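Enquirer: here is a sequence with its predicted model. Questions after.
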Amino acid sequence: MENVKSLMQSLDSISNLIPEGTYLEMANDLKNVHAHIPKDEDPPLVDQRSLRIDIPFMPRVPMSDDETDEYPEAQDPYDIPDYDDEPYDERYYPMDSAIPNLTERFMNPDQGFFVSFGRNRDGTGCIISTPVERCLIRQDLILISKYGKECLKKLRELKPVKNITGRIKWDAIKSYVNMRGLTIPMFTFDCMYRTHPQLFAYDMRTRMFTREGQLTRFGKEVERDLYMEYIEVHNTLIQLKSLDAHTEMNWLIQAEQISKDRLAELNGR
């Protein structure tokens, strides 16, 4: 145990001289070694294991909540499911990142945000080894910095669409036909109208195309409305994703400050 603590102190002293990836890998290896060192713990005074006696023809009682009946009760196919017990997500758009809800982590200051400190705690919740604690906090700071860079990259990419470009036209037509379960050879307005004219059930006296095959003024208005509707929906999703990314960034800034305060407190001991 003393040798492992000495290695932790040595690694902590040279943390600024080695790359972050190498430091993180060495810290993980030392943490695994520390976790497998046997602790001098006495066996429990009372045997908590339940004595199970099987008697012939004895009715079987489930031993835990995980065990279920062999023949469960049939569910009524016309029964309306109850969604009241499902957790409510206050965000309008689900975040597609690995960053957890750090608000819950703030309620437990004895735990890290991305790294578990449980292996370095005794039965009363006190820190076992200060060098190990420093390594764990530094690992947490490295991961916080990693997710912060990813979040900044995401914010730079989340830009609203302003102009109707060729790519926007292609995406809008593709989204329009896919939502209706249709297929077309090319994702263009002309091809979509000629392949599925039933999508535009307007007054037959209003022509979409001229005899030369060009869009009429009315046809151009219909096409532009389709693109503008797609841009509006696309920008709404971009705005919601951007709000989530800003929320993540605020979480990470708070997590970084809390971790630095923890590290400063340990160094002051």
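Expert: Structure received. On a predicted model such as this, the values are computed, not experimentally measured, just so you know.

Enquirer: give me the residue ranges of the stretch 1-150 of the chain where confidence is low.
Expert: 1-2, 4, 11, 15-17, 23, 34, 37-111 (pLDDT under 70).

Enquirer: next, the buried residues of stretch 191-200.
Expert: For stretch 191-200, a neighbour-count test (16 or more other Cβ atoms under 10 Å) marks 192-193 as buried. In this view, the C-beta of every residue, glycine as well, is placed from N, C-alpha and C.

Enquirer: now what about that stretch, what contacts it?
Expert: 173, 176-177, 180, 182, 184-185, 208-209, 222 (Cβ atoms under 8 Å, 6 or more residues apart in numbering).

Enquirer: and if we set it to 6 Å?
Expert: 173, 182, 184 (Cβ atoms under 6 Å, 6 or more residues apart in numbering).

Enquirer: of all these, the one with the weakest confidence?
Expert: Of all these, Leu182 carries the smallest pLDDT score, 86.

Enquirer: so it, which of the three states?
Expert: Classification of Leu182 by DSSP: H, G, I helix; E, B strand; the rest coil places it in coil.

Enquirer: any chance of the backbone angles for the closest residue to it other than its chain neighbours?
Expert: Closest residue to Leu182 apart from its sequence neighbours, by Cβ to Cβ, 6 or more residues apart in numbering: His196 at 5.7 Å. Dihedral pair for His196: phi -130, psi 70, per degrees, to the nearest 10.

Enquirer: low-confidence ranges, the stretch 151-269 of the chain, go.
Expert: 200-215, 269.

Enquirer: change it to 90
Expert: Counting by pLDDT under 90, the stretch 151-269 of the chain contains low-confidence ranges at 154-155, 157-159, 162, 176-183, 188-226, 240-241, 243-252, 254-269.

Enquirer: where do the helices of it begin and end?
Expert: 166-179, 189-195, 217-267 (DSSP state H, counting those that start in this stretch).

Enquirer: and of the ones you listed, who's closest to Phe114?
Expert: helix 217-267 (8.3 Å; Cβ to Cβ).

Enquirer: now do the closest one against helix 166-179, angle only.
Expert: Here helix 217-267 points in a direction 100 degrees away from that of helix 166-179 (axes from the mean of the first three to the mean of the last three Cα atoms, to 10 degrees).

Enquirer: by contact count, what packs against helix 217-267?
Expert: helix 130-157 (3 or more Cβ pairs under 6 Å, 6 or more residues apart in numbering; DSSP states H and E).

Enquirer: got TSV for the contacts of stretch 191-200, with distance to Ile142 and neighbour count too?
Expert: Listed next are the contacts of stretch 191-200 as TSV, based on distance: Cβ to Cβ, whole Å; neighbours: other Cβ atoms under 10 Å:
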residue	distance to Ile142	neighbour count
Ile173	45	22
Leu182	49	13
Ile184	49	16
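
Enquirer: closest to Glu248 out of those?
Expert: Ile173 (33.0 Å).

Enquirer: excluding covalently adjacent residues, which one is nearest to the closest one?
Expert: That would be Phe187: by Cβ to Cβ, 6+ apart, it lies 4.2 Å from Ile173.

Enquirer: can you check Glu133 too?
Expert: Per Cβ to Cβ, 6+ apart, closest to Glu133 is Ile127, 5.2 Å.

Enquirer: pretty sure Cys135 is touching Ala27, no?
Expert: Yes. Using Cβ atoms under 6 Å, Cys135 is in contact with Ala27, at 4.4 Å.

Enquirer: these two: which has the busier surroundings?
Expert: Neighbours were counted for Cys135 and for Ala27 using other Cβ atoms under 10 Å; Cys135 has more, 27 against 22.

Enquirer: tell me the contacts of the more buried one?
Expert: So Cys135 contacts 8, 27 (Cβ under 6 Å, 6+ apart).

Enquirer: for it, give its distance to Asp122.
Expert: With distances taken as Cβ to Cβ, to the nearest Å, Cys135 is found 18 Å from Asp122.
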